[in-house]
Each structure stands twice: as C-alpha cells, then as structure tokens.
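[1] Here is a sequence together with a model predicted from it:
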Amino acid sequence: DGGITQSPKYLFRKEGQNVTLSCEQNLNHDAMYWYRQDPGQGLRLIYYSQIVNDFQKGDIAEGYSVSREKKESFPLTVTSAQKNPTAFYLCASSIAASGAGEAKNIQYFGAGTRLSVL
Amino acid sequence: SQQGEEDPQALSIQEGENATMNCSYKTSINNLQWYRQNSGRGLVHLILIRSNEREKHSGRLRVTLDTSKKSSSLLITASRAADTASYFCATRNSGNTPLVFGKGTRLSVIA
C-alpha cells in the first residue's frame, strides 16, 4: 500500500519541549514538504527538500527544523522557539519540486498530525 | 507567501446543483492545480491545467484558466453530499519553486 504516512495523528507539547513529527513515504519521490494549516486557513510552507541531505526554508521556517537523511523520511521538529505551535501539520511529497512535466509537481499528502499545547 | 486567493470563502448549495469556485493569482505560472481536503484530512489532487490550456475536464469537474486575467475556476456539476470539502487552488511559478496554495473554498452540499 503506497503512500505517505504521518505519525502520530495527535501530539501534545509541553511548554519548552521539542517534539518531532514523523513523515515517511514509499512512493520513491525525490521531493518532500512540510506545511502548517491553521483553522480555516490555507497551507503555509515550512520547509521542503528536493533531494537527500538538502532542504530549503519555506515561508514560516522559524521555530522549526528538519532533516533529510533518507529519501523516504523527512521528520519535522517543532522547537521550543516556536511560540504558537498549535496547528494541523501536513507532509507531502512529489516526484520533483520543479520541472514543467505534468506529473512532476503533483503533491501527495499524508493524513496530518494535529499538534496541541498542554 | 500565498499566491492564490479562492472565492468565495464558503459556499452552500443543494444536492444536484452546480458549484463554482474561483481562484485568482498574482504572477505568471507554469500550471495551476486544484486539490480537495475533507475535514481533518490531507489534501487530494483533483486536476492540473497547464498555462497553455484554457479548459480541462475530469468526470464532473471542469476547470478553466484565463492567464490574461490570472484566474481559474473549478466547476463541480450535479453536486453530491460527498462533495462537501474544502477546495484549494495551487500554482507553480516559473522557476525552481514549489507549489503555493490559496486559502481555500469551503463547500457544503446539503442533501
């Protein structure tokens, strides 16, 4: 069963704590993305990675960190520096991040992780 | 930065009616995509239209693109209660940048 798996589905963070959200894909996609979605809002890009061992900041990277040590995995850490972390976090992947080919930048999404602050 | 802006923000219709959602964007694009999100779930890709295309169909979906007005519309014909979801447009600019999503239209189809 191919796709993107995010875990956990629900996560609670204590003040001052770092938490890590998992994202794994078995689609053999090169590009992976992390988005934040606040209630009634669109998606805002946190970080993206076009290739293993490389990643770029998105529009709202402050207070977050990522790593891309394996093609299949792109974990997101919400650090204590992120003062308002409560949101729905979505991970996505695509064959490539760029290129005009039709299939290359269609994104496939995981089911999301809802993060709340205790 | 959010490139696309959907209109209306929310839409409520009766089952069987057609639903039309619009998306406006600011810069030149290579393609425009529409995605659907059921409540509390991830997004699902619906349809992609290239910048040199004007109209595209997929089942009950019809997408138009007017690059001179920098706008697109998504039409869902003969809507069903199961079409209730949020719909987002996403654009990819020229160059090496990822998709940029709009804020979405929340569609409610009442049985």
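    Done, it's in.
[2] got the residues of chain A near chain B?
    A:4, A:6, A:31, A:33, A:35, A:40-45, A:48, A:58-59, A:88, A:90, A:92, A:97-98, A:100, A:102, A:105-112, A:114 (CB under 8 Å from any CB of the partner chain). (Each C-beta comes from the backbone N, C-alpha and C, glycine too.)
[3] Now, of those, which are buried?
    A:4, A:6, A:31, A:33, A:35, A:42-45, A:48, A:58, A:88, A:90, A:92, A:97-98, A:105-110, A:112 (16 or more other CB atoms under 10 Å in any protein chain shown).
[4] ok, how many other residues are close to the residue in chain B that chain A sits nearest to?
    Proximity of chain B to chain A (CB to the nearest CB) peaks at B:Gly42, 3.3 Å away. For B:Gly42, the count of nearby residues is 22 (other CB atoms under 10 Å in any protein chain shown).
[5] dump the residue contacts of it.
    A:Ile4, A:Gln6, A:Leu90, A:Ala92, A:Phe109, A:Gly110, A:Ala111, A:Gly112 (CB atoms under 8 Å, 6 or more residues apart in numbering or on different chains).
[6] Name the nearest residue to it, sequence neighbours excluded.
    Distances taken as CB to CB, 6 or more residues apart in numbering or on different chains place A:Phe109 nearest to B:Gly42, at 3.3 Å, with adjacent residues excluded.
[7] Mind checking which of the buried ones among the residues of chain A next to chain B are in strands?
    A:4, A:6, A:31, A:33, A:35, A:43-45, A:48, A:88, A:90, A:92, A:108-109 (DSSP state E).
[8] For these, work out which two are farthest apart.
    A:Ala31 and A:Phe88 (21.0 Å; CB to CB).
[9] pLDDT of the helix or strand containing B:Leu107, averaged?
    If you go by DSSP states H and E, B:Leu107 is part of strand B:105-110. Mean pLDDT, strand B:105-110: 96.
[10] contacting residues for the residue nearest the centre of chain A?
    With distances taken as CA atoms, centre = their mean, A:Trp34 lies nearest the centre of chain A, 2.4 Å away. Counting by CB under 8 Å, 6+ apart, A:Trp34 touches A:21, A:23, A:45-48, A:58, A:64, A:66, A:74, A:76, A:89-91.
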